[in-house]
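[1] Any chance you can model this:
(one chain, ligands or ions: 1)
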Amino acid sequence: MITYNEAKKILFNYGQEHILRYFDELSEENKAALLRQIELTDFSVLDDFRFRNDAAIQRGTFAPLGAVTVYDIEKNKNKYLEEGIKAIKSGKTAAVMLAGGQGTRLGFDNPKGMFNLGETRDLFIFECQINNFLDVVKLTGTWIPLYIMTSEKNNSKTISFFEEKKYFGYDSSYVKFFIQDMAPSVDFSGKILMENKFEMAVSPNGNGGWFSSIVRAGLLDEIKERGIEWINVFSVDNVLQRIADPLFIGAVISSDMQSGSKVVRKAAPDERVGVLCLEDGRPSIVEYYEMTDEMRTLTDENGELLYKFGVILNYLFNIDKLTEIVNNALPNHIVEKKIPYMDENGCFITPERPNGYKFETLVLDMVHMQDSCLSYEVVRNNEFAPVKNAKGTDSIESAKILLKKNGVEL
Ligand code: UTP
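    Have a look, this model is predicted:
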């Protein structure tokens, strides 16, 4: 473990000496805990903030990208289905659930997947997803390996919940959990917030590190031994998420593309979703706030929006490409969030409004590292019911309405 002086030097280099303010009054155990945390923390993420390293996220020239539409998919349904089922049956696919987020907008204390949407019975978000996944198991007669990414903050609760609920009927020998990395959180002036006198406030470092965390957890060997070629990565918070969808997998494989992304038609030009497009000729996702008014409203000769396909955090990646790009740095996104912290008087505060920044890498930035990506349209009301907020848009309420529309009893 590093010494006090070594810690001081590291912190000085990043202008964060205040972290040691209470060091002298700490117990030996807490002194060691703080030094260990300093040693294990990657402070270099702070450079992006300090130097406003926007170069890392400087964008190229965008152009629209079409999609295989719902209509095209219907026409080729048998071919895609056959190809997808073949890949699943021969053990070439796995799924990764991104469940390391903190769900601060929802304001629910437990992991988001533990939220109960049921009205006359229990129906947890995790359960909705596993139910959908089980449809594919039934169709193909094959258990598909599922890797669940958690963070240090929610790992034990997530695992105990799955155990308590008997994995909602999934074969637990096909389920593995792995833990993502954390990053320090800062106040608006860039100073790391403290959770108490001996712990920095840290938060999960975004969903972009999922593959490097799989590698660090030692799971890549197992993935390769199992002969897995395709990984379907998806977010935990879409209760209509179709996981390892054979049609999607079959379409990507038949297209000979390196990856695929499910997309939905934007509800309105200014909808706040990232849009799959081309950037300097490569697939890429442009965030809603990066789009110019012109891009937002540009239409083709039929009056259809040109940048119209929004991503829903459901991607298919090829293991060879993932292995090739695992060490490529992803840009850090600096995101305003509500971060619980200890104030100057030593009181613990749970803020009502955003009070600082977290640093996150995002899985969507991996799309730009792919040589090609199949844009695959799905029917929005059948596959996209995100739970982000407690009320209003993308909320518990809207997700429940969509679940009912899809015949799910609550
Ligand atoms: P969001 O970007 O919506 O973040 O995550 P969040 O933490 O769940 O919610 P807010 O923004 O604090 O309200 C999209 C998906 O990525 C996962 C989430 O669990 C969700 O499935 N995620 C997010 C991670 O796995 N790790 C992270 O560090 C962040």
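
[2] Return the residues in contact with the closest residue to the ligand within the chain.
    Going by CB to the nearest ligand atom, the ligand is nearest to Gly101 of the chain, at 2.5 Å. C-beta here means a position set from N, CA and C on the backbone, and glycine is covered the same way. By CB atoms under 8 Å, 6 or more residues apart in numbering, Gly101 lies in contact with Lys112, Ser151, Pro204, Asn207, Val236, Asp237.

[3] which secondary structure elements does the helix ranked longest in the chain contact?
    Taking DSSP state H as the criterion, the chain has its longest helix at helix 125-140. Using 3 or more CB pairs under 8 Å, 6 or more residues apart in numbering; DSSP states H and E, the elements in contact with helix 125-140 are helix 77-89, helix 246-255.

[4] ok, residues contacting the longest one?
    Here helix 77-89 makes contact (CB under 8 Å, 6+ apart) with 73, 93, 136, 139-142, 144, 229-230, 244-251, 253-254.

[5] sec struct for Glu294, please.
    Of the three states, Glu294 takes helix according to DSSP: H, G, I helix; E, B strand; the rest coil.

[6] Give me the pLDDT for it.
    Per-residue confidence at Glu294 stands at 91 (pLDDT).

[7] again, but for Arg52
    pLDDT, Arg52: 61.

[8] go on, the one 5 residues further on?
    Looking at Ile57, its pLDDT reads 61.

[9] Could you pull up the residues touching the nearest residue to Pro283 once chain neighbours are set aside?
    With CB to CB, 6 or more residues apart in numbering as the criterion, Pro283 has its nearest non-adjacent residue at 3.6 Å, and that residue is Cys373. Contact analysis of Cys373 by CB under 8 Å, 6+ apart lists Met257, Gln258, Ser259, Gly260, Ser261, Leu276, Pro283, Val367.

[10] Just flag the most distant two among those residues.
    Gln258 and Leu276 (14.1 Å; CB to CB).

[11] which of the two has more neighbours?
    Leu276 (27 against 18; other CB atoms under 10 Å).

[12] if I look at that one, how far off is Val137?
    29 Å (CB to CB, to the nearest Å).

[13] Mind putting the contacts of Cys373 into TSV with secondary structure, distance to the ligand and pLDDT?
    Conversion of the contacts of Cys373 to TSV gives the following (DSSP: H, G, I helix; E, B strand; the rest coil; distance: CB to the nearest ligand atom, whole Å; pLDDT from 0 to 100):
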residue	secondary structure	distance to the ligand	pLDDT
Met257	coil	23	97
Gln258	coil	22	97
Ser259	strand	18	98
Gly260	strand	18	98
Ser261	strand	15	98
Leu276	strand	17	97
Pro283	strand	20	97
Val367	helix	15	97
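
[14] Number of residues surrounding Glu25?
    10.

[15] what sits against it?
    Lys197.

[16] ok now stretch 97-110, how far from the chain's centre?
    From the chain centre to the centre of stretch 97-110 is a distance of 11 Å (CA atoms, centre = their mean, to the nearest Å).

[17] List the buried residues for it?
    Met97, Leu98, Ala99, Gly100, Gly101, Gln102, Gly103, Thr104, Arg105, Leu106, Phe108 (16 or more other CB atoms under 10 Å).

[18] In a markdown table: those, plus pLDDT and secondary structure.
    Shown next, in a markdown table, are the buried residues of stretch 97-110 (pLDDT from 0 to 100; DSSP: H, G, I helix; E, B strand; the rest coil):
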| residue | pLDDT | secondary structure |
| --- | --- | --- |
| Met97 | 98 | strand |
| Leu98 | 98 | strand |
| Ala99 | 98 | coil |
| Gly100 | 96 | coil |
| Gly101 | 94 | coil |
| Gln102 | 90 | coil |
| Gly103 | 90 | coil |
| Thr104 | 86 | coil |
| Arg105 | 90 | coil |
| Leu106 | 93 | coil |
| Phe108 | 93 | coil |
